[in-house]
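A.B. asks: with the sequence up front, the predicted model follows.
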Amino acid sequence: VGQEAGDPGSLPKRGTWGKQLAAMAISGALLGPILDGYHSAFGVLRYTVPHDVFLGPLFVCQSDFWVPPMFALAAVILGAAYPYLDAKLGVEERWANPSVP
């Protein structure tokens, strides 16, 4: 597997993985509970020990302590799986990085 980004069948450069994984984890930890909060808001689920999350005076969502780490892990797994599997399966650049014609 090559190390130059853009080569067919290559993974992103080694130096970018840490930053990309951190960004995925932070995004998942912040956005996951907010989007998951719709389930609580509409009665789809109830947490055993719910915690109301506020941003200043604004109610954001209801969550539990384990929800942000769970979404952070899910974001990393899903976000890293695509480039990894594309590289391992030898997916061509034009299919791995589609763009609008």
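C.D. replies: Yep, it's here.
A.B. asks: please count neighbours and contacts with C-alpha atoms only from this point.
C.D. replies: Noted.
A.B. asks: and the gap between the residue most central in space within the chain and P69?
C.D. replies: Among the residues of the chain, the one closest to the centroid is A75, at 2.3 Å (CA atoms, centre = their mean). Using CA to CA, to the nearest Å, A75 is found at 10 Å from P69.
A.B. asks: quick one on the thing from earlier: you'd agree the residue nearest to the centre of the chain is up against M24?
C.D. replies: Yes. Applying CA atoms under 8 Å, one finds A75 in contact with M24, separated by 5.6 Å.
A.B. asks: circling back to that earlier point, helix or strand: which one has the residue nearest to the centre of the chain?
C.D. replies: helix 67-89 (DSSP states H and E).
A.B. asks: dump that helix to PDB, restricted to CA.
C.D. replies: Extracted C-alpha coordinates of helix 67-89, given in PDB (Å, rounded to 0.1, in the frame of the first residue of the first chain):
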ATOM      1  CA  VAL A  67     -23.300   8.600  24.900                       C
ATOM      2  CA  PRO A  68     -20.500  11.000  23.800                       C
ATOM      3  CA  PRO A  69     -17.700   8.300  24.000                       C
ATOM      4  CA  MET A  70     -19.900   5.900  22.100                       C
ATOM      5  CA  PHE A  71     -20.500   8.300  19.300                       C
ATOM      6  CA  ALA A  72     -16.900   9.300  19.200                       C
ATOM      7  CA  LEU A  73     -15.900   5.700  18.700                       C
ATOM      8  CA  ALA A  74     -18.500   5.100  16.100                       C
ATOM      9  CA  ALA A  75     -17.300   8.200  14.100                       C
ATOM     10  CA  VAL A  76     -13.700   7.000  14.200                       C
ATOM     11  CA  ILE A  77     -14.700   3.500  13.100                       C
ATOM     12  CA  LEU A  78     -16.900   4.600  10.300                       C
ATOM     13  CA  GLY A  79     -14.700   7.500   9.200                       C
ATOM     14  CA  ALA A  80     -11.500   5.400   9.100                       C
ATOM     15  CA  ALA A  81     -13.100   2.300   7.600                       C
ATOM     16  CA  TYR A  82     -13.800   4.000   4.200                       C
ATOM     17  CA  PRO A  83     -10.200   5.000   3.300                       C
ATOM     18  CA  TYR A  84      -8.800   1.900   4.800                       C
ATOM     19  CA  LEU A  85     -11.100  -0.400   2.900                       C
ATOM     20  CA  ASP A  86     -10.700   1.600  -0.300                       C
ATOM     21  CA  ALA A  87      -6.900   1.200   0.000                       C
ATOM     22  CA  LYS A  88      -7.100  -2.500   0.800                       C
ATOM     23  CA  LEU A  89      -9.600  -3.300  -2.000                       C
END
